[in-house]
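Chemist: give the three-dimensional model of this entry:
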Amino acid sequence: MKGAGFFKTLLLRRLGSSMEAGRRTVSKLLSGDVEALDDEDEDDAEDDAAAQIGRPPQGTSDFKNFTDEERHALERCLKLLREGGNQDPKLEALIGYLRGTHPGLARAWLELGCILFSQYYDTVRWVGDELARRAEFAGLDIGLYAGSNRSGLWRDGRFQRCDRNVLKERVRAGDLKLLLGTDAASEGLNLQRLGTLINIDLPWNPTRLEQRKGRIQRIGQARDEIWIANLRYRDSVEDRVHQVLADRLEAIHDLFGQIPDTLEGVWVQVALNDAQAANQLIDRTTATRNPFDVKYSKVEDADWESCATVLNGFAMKELLSRGWR
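Modeler: The predicted model follows:
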């Protein structure tokens, strides 16, 4: 049907966020409630994907009149997601980070203060509900920072709405150590008191990852270093994209000092099983600027106090004694 490619990538993105986001998305598709899929907390990646694939006009019958084969595929997907219940491996992984039981951790991230990001409100609300029910988090306040007046706080297992400024003040005071956020929290928010970040899902625009990291990696941050975990399901679209990008962009980053910030199309092509087109997009994106311009066209602030390591005292005296010319 018209727009099938857009539907596929939209569904795969939400499935890649969490099983709960996948369940809600498939249920809405089967019920015909397509307009409810729009989430004001999302980034612009779906619009970019739609522009490349071709999003049909909202409200058309194409969104609702699935063929028998399409409906059967969606029903089977929903059945499998429901059979999984709340046994989401991402949930278990992030709890491992928070409690310090994940392999290789020296400390529990909850002790250092943690923010967990997702593109979708469905995901962060579900994660918060699950954490609030668990005995190991009993008595802990958990914040939710989102758009559209949907922010709130879990206290004693119950969720109640609150103003976002309340959450910011409590984080600043060191009184709130666990915060969940949609990308509404990825801009204009200072959370230097938090020392760790977990990306529950990976946005299709790499710039979003930089914005998320910038919430805690700021001037005045409380710690010398911050720790970040990026979660993705094995063999998912995000995992395949990561493999495609990792091989190509490591060399590009070594030369450019950065990676391109316009890679939504790569996700789309990998989701549509077209790895060749994805690699062509990487080449096209990274060839837009001369690598020397990218790396050397800006002036960085110099730490003049460190000049002594280059010009020692004896050399300085010798040069200064020569007088001016």
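Chemist: what's the burial count for residue 148?
Modeler: A total of 11 residues lie near residue 148 under the criterion other CB atoms under 10 Å. For glycine as for every other residue, the C-beta is placed from the backbone atoms N, C-alpha and C.
Chemist: pretty sure it is in a strand, no?
Modeler: No. Residue 148 is assigned coil when assessed by DSSP: H, G, I helix; E, B strand; the rest coil, not a strand.
Chemist: how about the strands in the stretch 151-300 of the chain?
Modeler: 152-155, 158-161, 178-181, 196-199, 227-230 (DSSP state E, counting those that start in this stretch).
Chemist: apologies, that question was intended for the stretch 1-150 of the chain.
Modeler: Residue ranges of the strands in the stretch 1-150 of the chain, as given by DSSP E, counting those that start in this stretch, are 114-117, 142-145.
Chemist: can you lay out these as JSON lines showing mean pLDDT?
Modeler: What follows is those, written out as JSON lines (pLDDT from 0 to 100):
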{"stretch": "strand 114-117", "mean pLDDT": "90"}
{"stretch": "strand 142-145", "mean pLDDT": "94"}
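Chemist: pick the most deeply packed of those strands.
Modeler: Per-residue neighbour counts averaged over each of those give the maximum for strand 114-117, namely a mean of 26 (mean count of other CB atoms under 10 Å).
Chemist: same for that one, what does it pack against?
Modeler: For strand 114-117, the contact count by 3 or more CB pairs under 8 Å, 6 or more residues apart in numbering; DSSP states H and E identifies helix 89-99, helix 121-133, strand 178-181, strand 196-199 as packing neighbours.
Chemist: each with direction, which strands does it pair with?
Modeler: Taking DSSP bridges as the criterion, strand 114-117 sits next to strand 178-181 (parallel), strand 196-199 (parallel) in its sheet.
Chemist: which residues touch residue 162?
Modeler: 151, 152, 153 (CB atoms under 8 Å, 6 or more residues apart in numbering).
Chemist: related to what we said a few turns ago, with respect to residue 106, which of the strands of the stretch 151-300 of the chain lies nearest?
Modeler: When the strands of the stretch 151-300 of the chain are ranked by proximity to residue 106, the top entry is strand 227-230, at 9.8 Å, counting by CB to CB.
Chemist: returning to what we had before: what's the closest of the strands of the stretch 1-150 of the chain to residue 231?
Modeler: Closest approach to residue 231 among those is made by strand 114-117 (9.4 Å; CB to CB).
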